[in-house]
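J.: Need a 3D model of the following:
(one chain, ligands or ions: 1)
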Amino acid sequence: MAAIRFVEHQITARVPELGNATNVIDAGLTIRVDPLTGHTARILHQGQLAPSARTDLTDLTTPPPFCPFCADKLEVATGVIAPSITDEGRIRRGASAVVPNVLAYSEFSSVGLYDTTRHFVGLRDLTPQLIGDLFVGLVAYARGVGGLRPMWHSINANYLPPAGSSVVHPHAQTAHDDIGTTAQRNLVAASERWPGNFWHELVEQEAGGPRWLGTRGRVHVLTPWAPIGFHEVWLLIPELHDILELTDDDCADLGAVLSGVLMGYDALDLASFNWALYGGGPSPSSDFGLLLRIVSRANPEPVYRSDVTYFERLHAEAMIDMGPEEVAKKLAPHLAAVLG
Ligand SMILES: [Zn+2]
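T.: Okay, the predicted model is just below:
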């Protein structure tokens, strides 16, 4: 079987030196090609896009007079899930709760709160238990929807406004319909086109290398060769093909690893993130491996620089300033305790 080929292009640009514009210098740029999808990522060598200081979140995260997701309002401000999906009404596991979404961005969608007892939970307080319990609840919801008919499922999260969240109370969201999303369909189609099983081969080839972080249970953890976002980490379960197959143990492992990644983000002075867990569709192909990818987002400063430029928004191309090998190195100490 042919090995996965990691192709990159080294480019040298001639640019005026920052702060000394009459001096023209060589500046390096790496463009990497994703071996599965062919998408390309630009890794700047100058590294000037990182936050310069920790963001003070006090004003943003002070509990408002009314929050539908705080425990004292949840029962009156949120609906109950249809009995055809669950007979639990609101799905509660530990401190978490799953309720129906009021925004119809999919035929079925839910909102899951990591913790209803606290309006805000900082990165360091999103513990393995909190995240693991939430996954168990969200997977229970997904299974309920999956019982109606086969569908595309995904579980996703925006954290704080720079990540697209309109509600500060930390939450995740699920989406379930017959269409799926562009990224889901592309990942599954590319996995099916691959001559062998891309995801098993990826684990085999990357294990122990500069982007490898380790394994917990069935969850393999690594940074991707050609990221689509800043500080991107992959949590991969190659033997699973859909969200409905996740066991409680898998959920606990995903929670432990994600919690470690968030500790690492916190240490890098990052404050905002998105993650997505992609299900493999109505008839999941065994060529597809269950993938959760997490990326950091811009920090919530009063006037912040968006991390999404025309490159990401209109060219579908990441433009980042920290290579995946360095991300792996920086996050490794925070994952050492949870990964073998
Ligand atoms: Zn709240």
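
J.: mind saving the C-alpha coords of stretch 171-183 as PDB?
T.: Taking Å, rounded to 0.1, in the frame of the first residue of the first chain, the C-alpha atoms of stretch 171-183 are listed here in PDB:
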ATOM      1  CA  HIS A 171     -22.700  25.300  25.000                       C
ATOM      2  CA  ALA A 172     -22.500  22.900  22.100                       C
ATOM      3  CA  GLN A 173     -25.000  22.300  19.300                       C
ATOM      4  CA  THR A 174     -26.000  19.400  17.200                       C
ATOM      5  CA  ALA A 175     -27.300  19.300  13.600                       C
ATOM      6  CA  HIS A 176     -29.200  16.400  12.000                       C
ATOM      7  CA  ASP A 177     -30.800  16.300   8.500                       C
ATOM      8  CA  ASP A 178     -30.700  14.500   5.100                       C
ATOM      9  CA  ILE A 179     -28.100  16.800   3.500                       C
ATOM     10  CA  GLY A 180     -25.200  17.200   5.900                       C
ATOM     11  CA  THR A 181     -22.600  19.900   5.400                       C
ATOM     12  CA  THR A 182     -20.100  20.600   2.700                       C
ATOM     13  CA  ALA A 183     -17.200  19.500   4.900                       C
END
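
J.: Could you give the average pLDDT over that stretch?
T.: Mean pLDDT, stretch 171-183: 96.

J.: swap in stretch 53-62?
T.: Stretch 53-62 comes out at a mean pLDDT of 90.

J.: how long is that stretch from one end to the other?
T.: End-to-end distance of stretch 53-62: 21 Å, with C-alpha to C-alpha, to the nearest Å as the criterion.

J.: cool, and stretch 122-130?
T.: End to end - C-alpha to C-alpha - stretch 122-130 spans 12 Å.

J.: Would you mind listing the outside residues contacting it?
T.: 57, 61, 94-96, 114-115, 118, 121, 170, 252, 255-256, 258-259, 262-263, 265-266, 270-271, 338 (C-beta atoms under 8 Å, 6 or more residues apart in numbering). Placement of C-beta: from N, CA and C, glycine included.

J.: Now with 10 Å, please.
T.: Residues outside stretch 122-130 that contact it (C-beta atoms under 10 Å, 6 or more residues apart in numbering): 57, 61, 94-96, 113-115, 118, 121, 133-134, 159, 170, 216, 252-267, 270-273, 338.

J.: Pull up the residues of this protein that are close to the ion.
T.: 67, 69, 70, 119, 169 (C-beta under 5 Å from the ion).

J.: The third one touches residue 76, doesn't it?
T.: Looking back up the chat, that one is residue 70. No: with contact defined as C-beta atoms under 10 Å, residue 70 does not count as touching residue 76 (11.2 Å).

J.: pLDDT on the top strand by length along the chain, on average?
T.: The longest strand of the chain (DSSP state E) is strand 20-33. Averaging pLDDT along strand 20-33 gives 95.

J.: ok, now stretch 251-261?
T.: 98.

J.: Check the offset of it from the chain's centre.
T.: Relative to its chain's centre, stretch 251-261 lies at 12 Å (C-alpha atoms, centre = their mean, to the nearest Å).

J.: Check stretch 37-51 too.
T.: 18 Å.

J.: so where do the helices sit in the stretch 101-250 of the chain?
T.: 128-146, 182-193, 198-206, 248-267 (DSSP state H, counting those that start in this stretch).

J.: Quick check: which of those is buried the most?
T.: Ranked by mean neighbour count, the helices of the stretch 101-250 of the chain are led by helix 128-146 with a mean of 24 (mean count of other C-beta atoms under 10 Å).

J.: Tell me which residues of the longest strand of the chain come out buried.
T.: Buried residues in strand 20-33, defined by neighbour count with 16 or more other C-beta atoms under 10 Å: 27, 32, 33.

J.: ok, now stretch 333-340?
T.: Within stretch 333-340, the residues that count as buried by 16+ other C-beta under 10 Å are 334, 335, 338, 339.

J.: For it, give the mean pLDDT please.
T.: Per-residue scores along stretch 333-340 average to 92.

J.: Export that stretch to PDB, keeping only CA atoms.
T.: Output in PDB follows, covering the C-alpha atoms of stretch 333-340 (Å, rounded to 0.1, in the frame of the first residue of the first chain):
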ATOM      1  CA  PRO A 333       2.600  19.000  28.300                       C
ATOM      2  CA  HIS A 334      -1.200  19.600  28.900                       C
ATOM      3  CA  LEU A 335      -2.100  16.300  27.400                       C
ATOM      4  CA  ALA A 336       0.600  14.100  28.900                       C
ATOM      5  CA  ALA A 337      -1.600  13.100  31.800                       C
ATOM      6  CA  VAL A 338      -4.600  12.000  29.700                       C
ATOM      7  CA  LEU A 339      -2.800  10.400  26.800                       C
ATOM      8  CA  GLY A 340      -0.800   7.200  26.700                       C
END
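
J.: Might you calculate how far it sits from the centre of the chain?
T.: On the basis of C-alpha atoms, centre = their mean, stretch 333-340 sits 18 Å off its chain's mean C-alpha point.
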